[in-house]
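Colleague: After the sequence you'll find the predicted model.
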Amino acid sequence: MPPSSVTDSAAGSAAVSAFLRGVERRAAVFAQLQAGDAAAGDAALAAAMAAFRDAAARTQFGDWPRRFWAQLLAARPLRGAAATERWPPQFAALAQLGHGPRAALLLRLVANVSEADAAAVLGISRPTYRLALRRALPRDGEGRADTAS
């Protein structure tokens, strides 16, 4: 039996809409925190949602989460360095992280993506993904992971 795909136009459109409604809030927060700016995050989300609508019909349903998060990360406003001067003060520590470690952390904490899917979204191995998560941890004065922060 072939893998399931959404080929019927009406069913496909409804399924894509339902999927996007299900991830939209998490994706908006993810994009804002990855970009460091709400407007840039919103622009990235709009671009990713439009691109995903086009690509979903050619993508197996089970691959939609990976495809969506990868498209969101590929959106132009999320590809560069974060705009550190525009970060909300309570999230300023994220601005200090590199693009990759910040994306790894946000995929885990905001997007709620599994380790395997997050690694695939980032195009890295699972051990490299775990390393990115470790790099995203706050550090104490001696460079050790600061579990109190």
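Modeller: Alright, I've got the coordinates.
Colleague: Run through the strands of the protein in chain order.
Modeller: Counting by DSSP state E, the chain has no strands to list.
Colleague: Could you list the low-confidence segments of it?
Modeller: Scanning the chain for pLDDT under 70 picks out 1-12, 80-86, 145-149.
Colleague: Scan it for its longest helix.
Modeller: Taking DSSP state H as the criterion, the chain has its longest helix at helix 9-35.
Colleague: what's it packed up against?
Modeller: If contacts are counted by 3 or more CB pairs under 8 Å, 6 or more residues apart in numbering; DSSP states H and E, helix 9-35 sits against helix 38-56, helix 64-74, helix 76-79, helix 99-109. For glycine as for every other residue, the C-beta is placed from the backbone atoms N, C-alpha and C.
Colleague: Adding distance to Ala27 and mean neighbour count, write those out as JSON lines.
Modeller: JSON lines is the format used below for the helices and strands packed on helix 9-35 (distance: least, CB to CB, whole Å; neighbours: other CB atoms under 10 Å):
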{"stretch": "helix 38-56", "distance to Ala27": "5", "mean neighbour count": "18"}
{"stretch": "helix 64-74", "distance to Ala27": "6", "mean neighbour count": "21"}
{"stretch": "helix 76-79", "distance to Ala27": "11", "mean neighbour count": "17"}
{"stretch": "helix 99-109", "distance to Ala27": "10", "mean neighbour count": "20"}
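Colleague: Need the nearest residue in space to Thr128, chain neighbours excluded.
Modeller: Ala119 (7.1 Å; CB to CB, 6 or more residues apart in numbering).
Colleague: Alright, I will stop here.
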